[in-house]
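**Student:** Mind folding the following:
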Amino acid sequence: MQRRRELRVFISLLLGLAFASLVVSSCTFEELVTDITGITPTPTVPSPTPRICPEISFDSPGGYEVTRSFVVVLFDDKSTNGQDVLEYKSGERTSDVVGFINEVLPMVLGPGDEYSIFKLGYRTYEGARYDRYSTRISEAPDVFPTPQPHLTLTPISTPFVVEGTPGLVIVQQRNQYGTASANQQATSTQLAFEDLCMRSAYATAAQSTTTAWTATNQALATEVATNIADGTANTPYVIETPFAANVVYEGLGHATIDFEAQCSLYDKCILLIIDDLIDWRNAGPGNKIPEIYFNLHGADVIIVMPNCRDLDQPSCTKTKNLWTDELISFGAKDPVTYLNGDRLEETLIQMIGGD
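**Tutor:** Numbering: from 1, shown residues only. Sure thing, here's the model as predicted:
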């Protein structure tokens, strides 16, 4: 009888061990070392409820950044000598200086910019005045800070099994680790979803801003083109016959008046000259600058020399060196940029602004 009782106990122990062995062997962690047997916990099942993006509002909106420019243009409409040397973006070329200016200004001006145009060769400010226009600056659309993604969660450390730890304790540790890992994965999935919501909302807001600002600029370009093409806008206040051809200094004097009056109101001041800069008063070694007040302080100077097919040819280099020294002495920024007609519209858009 005693032996039967002991046999029953022994068989019960064997059955218990066999069951434990089956449980242990059927649930092995793939992430854990292969020589340690453990039990894989049942992962947390994500909610079947569809995720819905929360209502998102951006903090601290700021106005669209607007850089306002004041552009003064001096030009000689005969400087191309009737040759098609001024190149548009399309690759077409023209000899029409006025037409080229009318085409380029709407491309380079933005909201809040102003331009002032003078024809070279006139003694008085009023006689040289060709056109002037201040573009309107409408209320800029809001711009929101770029959303930042959630921080990455710190990975949960894999439980370390100490030699001699009972198997059931190992199972419990791994179950806890598995549950924590599954919960963290569910949290990471939710955070990734929220990041996607934020990016989507920002993209929608940014697209709306871009659309509004593009429409504003297109309307402005049309406005400028209409104004500059209006014949009445280009009629001098005082009818004056040019006193000399290829005169530059008087034009610089007219630009000085406008720069001193307006430049401080703008972020950037630009002087664009379309002329070969031939002036009889500095052609000789005496270089007698007329007694005219010049102040180009803070202005970026871009000079288009239509008849310099190669800006490095000696005749053009001599002219550039002479005028660079004088313009910088008048306060212009260093360096002075010289261009010819090649890829002119594209280059001016890059340097001044626009699309």
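
**Student:** CA atoms for contacts and neighbours, from now on please.
**Tutor:** Noted.

**Student:** Show me the helices in the protein, by range?
**Tutor:** Applying DSSP state H to the chain gives helices spanning 2-25, 97-108, 125-128, 167-228, 249-262, 314-329, 344-352.

**Student:** out of the ones you listed, which comes closest to residue 299?
**Tutor:** Closest to residue 299 of those, according to C-alpha to C-alpha: helix 249-262, at 8.2 Å.

**Student:** List the buried residues of that closest one.
**Tutor:** If you call a residue buried by 16 or more other C-alpha atoms under 10 Å, then helix 249-262 has these buried ones: 249, 250, 251, 252, 253, 254, 255, 256, 257, 258, 259.

**Student:** same thing with stretch 266-279?
**Tutor:** Neighbour-count burial for stretch 266-279, with 16+ other C-alpha under 10 Å as criterion, is recorded at 268, 269, 270, 271, 272, 273, 274, 275, 276, 277, 278.

**Student:** Looking at these, which is nearest residue 207?
**Tutor:** For the buried residues of stretch 266-279, the nearest to residue 207 is residue 268 (27.8 Å; C-alpha to C-alpha).

**Student:** show me the contacts for that closest one.
**Tutor:** Residues in contact with residue 268 (C-alpha atoms under 8 Å, 6 or more residues apart in numbering) are 67, 68, 69, 70, 299.

**Student:** What's the local residue count around residue 183?
**Tutor:** Neighbour count for residue 183, taken as other C-alpha atoms under 10 Å: 16.

**Student:** now swap in residue 191 and tell me
**Tutor:** The burial count for residue 191: 17, using other C-alpha under 10 Å.

**Student:** so how far is residue 205 from the closest residue to it other than its chain neighbours?
**Tutor:** Among residues not flanking residue 191 along the chain, residue 150 sits closest, at 6.7 Å (C-alpha to C-alpha, 6 or more residues apart in numbering). Distance from residue 150 to residue 205, counting by C-alpha to C-alpha, to the nearest Å: 20 Å.

**Student:** would you turn the buried residues of stretch 266-279 into a markdown table with distance to residue 180?
**Tutor:** Formatted as a markdown table, those follow (distance: C-alpha to C-alpha, whole Å):
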| residue | distance to residue 180 |
| --- | --- |
| 268 | 59 |
| 269 | 62 |
| 270 | 64 |
| 271 | 67 |
| 272 | 68 |
| 273 | 71 |
| 274 | 73 |
| 275 | 76 |
| 276 | 77 |
| 277 | 78 |
| 278 | 82 |
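
**Student:** what residues are up against residue 346?
**Tutor:** 88, 89.

**Student:** okay, it: pLDDT?
**Tutor:** Here the pLDDT value assigned to residue 346 is 94.

**Student:** again with the one 5 residues further on
**Tutor:** Residue-level confidence at residue 351 comes out at 92, pLDDT.

**Student:** Please report how far it lies from residue 296.
**Tutor:** For residue 351, the distance to residue 296 - C-alpha to C-alpha - is 18 Å.

**Student:** swap in residue 132?
**Tutor:** If you go by C-alpha to C-alpha, the gap between residue 132 and residue 296 works out to 18 Å.

**Student:** Same drill for those two, tell me which one is more crowded.
**Tutor:** residue 296 (26 against 18).

**Student:** Tell me if I'm right that residue 256 and residue 294 touch.
**Tutor:** Yes: using C-alpha atoms under 8 Å, residue 256 is in contact with residue 294, at 5.7 Å.

**Student:** coming back round to it: and of the buried residues of helix 249-262, the nearest to residue 119?
**Tutor:** Nearest member of the buried residues of helix 249-262 to residue 119, counting by C-alpha to C-alpha, is residue 251, at 7.5 Å.

**Student:** Leaving aside the residues adjacent along the chain, what's closest to the closest one?
**Tutor:** Per C-alpha to C-alpha, 6+ apart, closest to residue 251 is residue 120, 5.7 Å.

**Student:** Can you give me the distance of the one you found to residue 51?
**Tutor:** Counting by C-alpha to C-alpha, the gap from residue 120 to residue 51 is 68 Å.

**Student:** cool, and residue 344?
**Tutor:** 54 Å.

**Student:** related to what we said a few turns ago, number of residues surrounding the residue nearest to residue 251?
**Tutor:** Neighbour tally, residue 120, other C-alpha under 10 Å: 29.

**Student:** where in the stretch 101-250 of the chain is pLDDT low?
**Tutor:** 136-147, 160-167, 169, 208-214, 216-217, 225, 228-246 (pLDDT under 70).

**Student:** if you set the cut-off to 50 instead, what comes out?
**Tutor:** 231-232 (pLDDT under 50).

**Student:** So for residue 344 and residue 51, which residue has more residues nearby?
**Tutor:** Neighbour count, other C-alpha under 10 Å: between residue 344 and residue 51, residue 344 has more, with 22 against 10.
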